[in-house]
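J.: sequence and predicted structure are below.
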Amino acid sequence: MKETKISRRDFLKGTVAGAAAFALTATGTPVFAEEAEKNKKENPTEDATAPIPPVEAPEQWDKTADIVIVGTGGGGVTAAQRLSEGGNRVILIEREGVFGGMSRYGVFWFNNGGTEIAEQLQWAFPDYPYDPHKIVEYYNDQYKMTGNTKLLAKLAETGPRVIEWAEKEMGAAFMPSPLHGALPSAAHLLFFNTSAKPEAAESGTGVGYDWLMGQILKSAQDHGTELLTSTEVTALVMSEGRVSGVKVRDKEGQEAFIKGEKAVLLTAGGFGNNRHMLKKYCPSVADAMVAHGGWSGGTGDCIRMGIGAGADIAGRDSVHCYDRGVLPRDYSDEDVQFDSWFEHDSLVGGQPWLLLNRCGERVPYFNIMHTNYPYSNQGYYMNGLADRVNPLAVQPGGKTFAIFDSKYREVLSTDAFGVRPAPGYVFDDFFRPVAVEDLADQLEKRRVESGSIKKADTIEELEEQLGFAPGLLVEAVQKWNSACEAGEDSEKFYPYEPQWLIPLDSPPYYGATVGITSYDTCCGLRVNADMQVISTEGKPIPGLYAGFHTAGGESGESVLNGLPFGSMYGSNLLSYVGGWMAADGISANES
């Protein structure tokens, strides 16, 4: 695929150093960059959350396009394809050396129906036939009536169009989820049918969605889109109250200015890998976050740029995360990013071991299929993906401990818990079976030998290593073993299934701090249904648009992982839908 590097050149005198670079305060009042730098030095722990001030336009631009798009995930490539196909000059910018972002790792498209596949099965969510009005009412109820109904309505109307476009124009081949058998609800998750597209199985992850992204990008480039990789956007350019372009830096450190005559679209992810921003904007889960499940992105830079331009924030305390994390080490206040999550962590996190908080109290574990009220471990198949996270977030200090013993390999290999795809295997992130023994070997090497997971010959020793008060863990294990012997959990609320009651009687004993793995944040720049970024004064910021997950508010306010997969379209499809909506908005509003 075509890639363009910015050529080295001598900037005109005063282009950078002499420019009156400025930021915007929360009320939209300009302040000079020197003051922002002073605040940064006085508040060093706020560096990773501080607004990134825009700079003034240069005397001469290095590159010019109609639309500049920052981020090459599903939203970026979709917007580029549609806008360039419509005759616009588009420059697509990617910080990494390859395009795709988190969308490269997509496994399925979570949707609500309205597609040909769903119609063939006569299925829609929350009920058939497909009705965007009902979808908005259902999701906004889940969001405790905090959602932007106009934005939700546009999402509900756009999703089926994106799916049909991907299949009919971009060459995708979808099939209902094989995890659901012949149930009509299989259309809720659209997997890529690599049997129908064998070339997709040979690409990247082999799941198909990275291949689809390549097809969309190729179409965009065929219509004239220019792709810049290894190019970091460091600031928005603002002049006379309008966002008119971006300032960039390539991997050699060369800086340049790129003009977007019509608009700049920010669609470069959220801040799931920025611990300081999580603490500030999503405090309810921040203490329980232990790892990041994605790549090196998710640092929130584009959100900070938008805030620097005067943008408001939507979706505070709303996140998309899972429960499979293991704390790799104790983070310090200076650590901005998380360590990465690894597949072997799912042998410990996300399993019904004995789970305790710092007080020695049991922490609930929910089957992936359960009903909240009246409580049952059977029910809607995705509730557990969201509900498992919430108990972890509210424990004292954000700490939950998983306690298990040397039988853990046998337990997982024989599928004693009854939650694995087949005896001896677990699913990886792409729903491919991986041998437990292989992952267990990695777990021992990476987590046990490093000390992330504590290992002891006695419960008393483990108690001391984990920092429990004397006798607390010993008492909890004795109570647990008594319940295991009786074959019935002693917990009154949310008791474990009998097959989960596996005694702790075979040293060595293990203890891990388990918690939440962040994926995407649903908090970001406030947008309207045209994906125009909205200022703190309630008005669109001229020339500035944002796609998910740089935009926020798609999951309402203060929604603590309250839905499976985080939003109306999960995380993966949501990015594409946001890019489509942004392209529509730019086409409608910018001449």
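T.: Received the coordinates, thanks.
J.: the helices in the stretch 1-150 of the chain, which residues?
T.: Counting by DSSP state H, counting those that start in this stretch, one finds helices in the stretch 1-150 of the chain at the ranges 33-42, 74-85, 116-120, 132-142, 149-168.
J.: packed most tightly, which of those would that be?
T.: helix 74-85 (a mean of 30; mean count of other C-beta atoms under 10 Å). For every residue, glycine as well, the C-beta is placed using N, CA and C.
J.: that helix to helix 149-168, inter-axis angle?
T.: Compare the direction of helix 74-85 with that of helix 149-168 by axes from the mean of the first three to the mean of the last three C-alpha atoms, to 10 degrees and you get 70 degrees.
J.: mind listing what's buried in stretch 248-267?
T.: By neighbour count on 16 or more other C-beta atoms under 10 Å, the buried set for stretch 248-267 is 248-250, 254-267.
J.: right, and the helices of the stretch 1-150 of the chain - which one's nearest Thr64?
T.: Thr64 sits nearest to helix 74-85 of all those, at 14.9 Å, using C-beta to C-beta.
J.: elements contacting that closest one?
T.: Packing partners of helix 74-85 (3 or more C-beta pairs under 8 Å, 6 or more residues apart in numbering; DSSP states H and E): strand 63-70, strand 90-93, helix 209-222, helix 572-589.
J.: export those to JSON lines and tack on distance to Arg446, mean neighbour count and mean pLDDT?
T.: JSON lines is the format used below for the helices and strands packed on helix 74-85 (distance: least, C-beta to C-beta, whole Å; neighbours: other C-beta atoms under 10 Å; pLDDT from 0 to 100):
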{"stretch": "strand 63-70", "distance to Arg446": "34", "mean neighbour count": "25", "mean pLDDT": "98"}
{"stretch": "strand 90-93", "distance to Arg446": "35", "mean neighbour count": "26", "mean pLDDT": "98"}
{"stretch": "helix 209-222", "distance to Arg446": "26", "mean neighbour count": "22", "mean pLDDT": "94"}
{"stretch": "helix 572-589", "distance to Arg446": "27", "mean neighbour count": "25", "mean pLDDT": "97"}
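J.: among these, which is nearest Ala153?
T.: Closest among the helices and strands packed on helix 74-85, using C-beta to C-beta: helix 572-589, at 11.2 Å.
J.: quick check: Asp520 vs Tyr105, distance?
T.: According to C-beta to C-beta, to the nearest Å, Asp520 stands 12 Å off from Tyr105.
J.: circling back: turn the helices of the stretch 1-150 of the chain into a markdown table, columns for mean pLDDT and distance to Asn273.
T.: Below are these laid out as a markdown table (pLDDT from 0 to 100; distance: least, C-beta to C-beta, whole Å):
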| stretch | mean pLDDT | distance to Asn273 |
| --- | --- | --- |
| helix 33-42 | 39 | 20 |
| helix 74-85 | 98 | 18 |
| helix 116-120 | 93 | 34 |
| helix 132-142 | 93 | 26 |
| helix 149-168 | 97 | 25 |
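J.: want to throw those into CSV with distance to Phe417?
T.: Listed next are the helices of the stretch 1-150 of the chain as CSV, based on distance: least, C-beta to C-beta, whole Å:
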stretch, distance to Phe417
helix 33-42, 49
helix 74-85, 34
helix 116-120, 32
helix 132-142, 29
helix 149-168, 35
